[in-house]
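Undergrad: need a structure here:
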Amino acid sequence: MTLFWSIFVTVVTVGTLLGSYWLLTATRKSEVKDGAHVEKDHTFDGISELETPLPRWWYYMFLFTIAFAFAYLALFPGLGNFKGLLGWTSTGQWEGEVATAAERYNPLFERYLDTPLLALTEDRKAMRMGQRIFGNYCAQCHGSAAQGAHGFPNLRDHDWLWGNSEAQIQASIRQGRQAAMPSWAAPLGEDGVTAMAQYVRSLSGAAHDAALAAEAAPKYAMFCVACHGPTGTGNVALGAPNLTDNIWLYGGSADEIAFTLRHGRNGQMPAHEGVLDDARIHLVAAYVLSLSEGAKVAATSTAAGQ
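TA: Next comes the predicted model:
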């Protein structure tokens, strides 16, 4: 807060309190004694206006609230940039509460840190904890049941853009992911986009125009192979989707594929390092692993090979 606004707030606040005190005491002096009723020269239709004093207890209550306000503003922030004699801040209180909660609850999560993810998937208590973490931090995008949505991956199927090993799943959660599908409108042209959409559909065995697909095949080898591979199976190192499994992040109709080719896509998975500690990342990664049988099979194979 600038100095001007700090002074402005202080003057208005203190002035209001002092004005309230003056108004209260000034009107009190002009009042009649308790219990007396003075009939004023205002009578209409047999009804007279009386001047009745404010009850004494009510008057003292007003004084108490004004005194309390001054005491509060002296101890706590409220007068511009003045921080109060106690030095209290909402941030400091929040940090203290977080530290207290961490001291109390972190051991409950940390005891699972040394347990492999695959083993944790069989621990019902650990999975309930992982599910709650998922509900707090992941369900907003992936859905409460991890079924995904348009542009947000389904975590229950066997298709993994960035890999389904324990290390890859934890890396996705900890570091986040940034996908980049460039626009191919200029290199392909509108007719080329239409033909390429048919070729992409042919890779997954979906209904397509064979003539247009054949026309686009050389251009696929020229522009798309670098990321999606010669057979369209994708590349987890780049987050390039597998085009052969008929699982579509942005839709698999010819129009939706053409839109992706024409405009590109830029999906982002935010990093949760700093938001979640290692123990919570470990648990939620185990929960995500438990949702996909394909990932569990891959993890089992990896563990068996070690």
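Undergrad: Now the terminal residues of stretch 244-256, how far apart.
TA: 16 Å (CA to CA, to the nearest Å).
Undergrad: Identify each buried residue in the host helix or strand of residue 287, please.
TA: Assigned by DSSP states H and E, residue 287 falls within helix 278-291. Residues of helix 278-291 classed as buried by neighbour count (16 or more other CB atoms under 10 Å): 279-291. Where C-beta positions appear, they are placed from N, C-alpha and C, glycine not excepted.
Undergrad: I'd like to know which elements the one helix or strand residue 10 maps to is packed against.
TA: Following DSSP H and E, one finds residue 10 within helix 3-29. Contact here means 3 or more CB pairs under 8 Å, 6 or more residues apart in numbering; DSSP states H and E; on that basis helix 3-29 packs against helix 56-75.
Undergrad: by contact count, what packs against the helix it packs on?
TA: Packing partners of helix 56-75 (3+ CB pairs under 8 Å, 6+ apart): helix 3-29.
Undergrad: show me where pLDDT drops low in the stretch 101-250 of the chain?
TA: In the predicted model of the stretch 101-250 of the chain, no residue satisfies pLDDT under 70.
Undergrad: show me where it has strands.
TA: Using DSSP state E, counting those that start in this stretch, the strands of the stretch 101-250 of the chain run over residues 177-178.
Undergrad: Could you find the residue nearest the spatial middle of the protein?
TA: Against the mean C-alpha coordinate of the chain, by CA atoms, centre = their mean, the closest residue is residue 137 at 6.5 Å.
Undergrad: in terms of contact, does it touch residue 271 like I think?
TA: No. Counting by CB atoms under 8 Å, residue 137 does not reach residue 271; the two are 11.6 Å apart.
Undergrad: what sits in contact with each of those two?
TA: The contact sets of residue 137 and residue 271 do not overlap (CB atoms under 8 Å, 6 or more residues apart in numbering).
Undergrad: number of nearby residues for residue 21?
TA: 15 (other CB atoms under 10 Å).
Undergrad: Apart from its chain neighbours, what residue comes closest to it?
TA: Spatial nearest neighbour of residue 21, chain neighbours left out: residue 66 (5.3 Å); criterion: CB to CB, 6 or more residues apart in numbering.
Undergrad: Kindly state the pLDDT recorded for that neighbour?
TA: Here the pLDDT value assigned to residue 66 is 96.
Undergrad: now the one 4 residues further on
TA: Per-residue pLDDT puts residue 70 at 96.
Undergrad: Could I get the contacting residues of residue 170?
TA: 117, 281, 282, 285.
Undergrad: Which of the residues you listed sits closest to residue 95?
TA: Using CB to CB, residue 281 comes nearest to residue 95 of the contacts of residue 170, at 21.6 Å.
Undergrad: Show the pLDDT at that closest one.
TA: The predicted structure lists residue 281 with a pLDDT of 97.
Undergrad: Test my guess that it contacts residue 174.
TA: Yes. Using CB under 8 Å, residue 281 is in contact with residue 174, at 5.6 Å.
Undergrad: what is in contact with these two at once?
TA: Residues touching both residue 281 and residue 174 (CB under 8 Å, 6+ apart): 272, 273.
Undergrad: Domains of the protein: list them as residue ranges, please.
TA: 1-23+52-88, 94-178+270-305, 185-266 (automatic domain parsing).
Undergrad: Distance to residue 44 for those domains - can I get that in TSV?
TA: Shown next, in TSV, are the domains of the chain (distance: least, CB to CB, whole Å):
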stretch	distance to residue 44
domain 1-23+52-88	18
domain 94-178+270-305	60
domain 185-266	76
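Undergrad: Can you show me the CA trace of stretch 182-189 as PDB?
TA: Output of stretch 182-189 as PDB, limited to C-alpha atoms (Å, rounded to 0.1, in the frame of the first residue of the first chain):
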ATOM      1  CA  PRO A 182       2.400 -27.900 -34.700                       C
ATOM      2  CA  SER A 183      -0.100 -26.600 -37.300                       C
ATOM      3  CA  TRP A 184       0.300 -28.300 -40.700                       C
ATOM      4  CA  ALA A 185      -2.200 -26.100 -42.600                       C
ATOM      5  CA  ALA A 186       0.600 -24.300 -44.500                       C
ATOM      6  CA  PRO A 187       2.700 -27.300 -45.500                       C
ATOM      7  CA  LEU A 188      -0.200 -29.500 -46.400                       C
ATOM      8  CA  GLY A 189      -2.800 -27.100 -47.700                       C
END
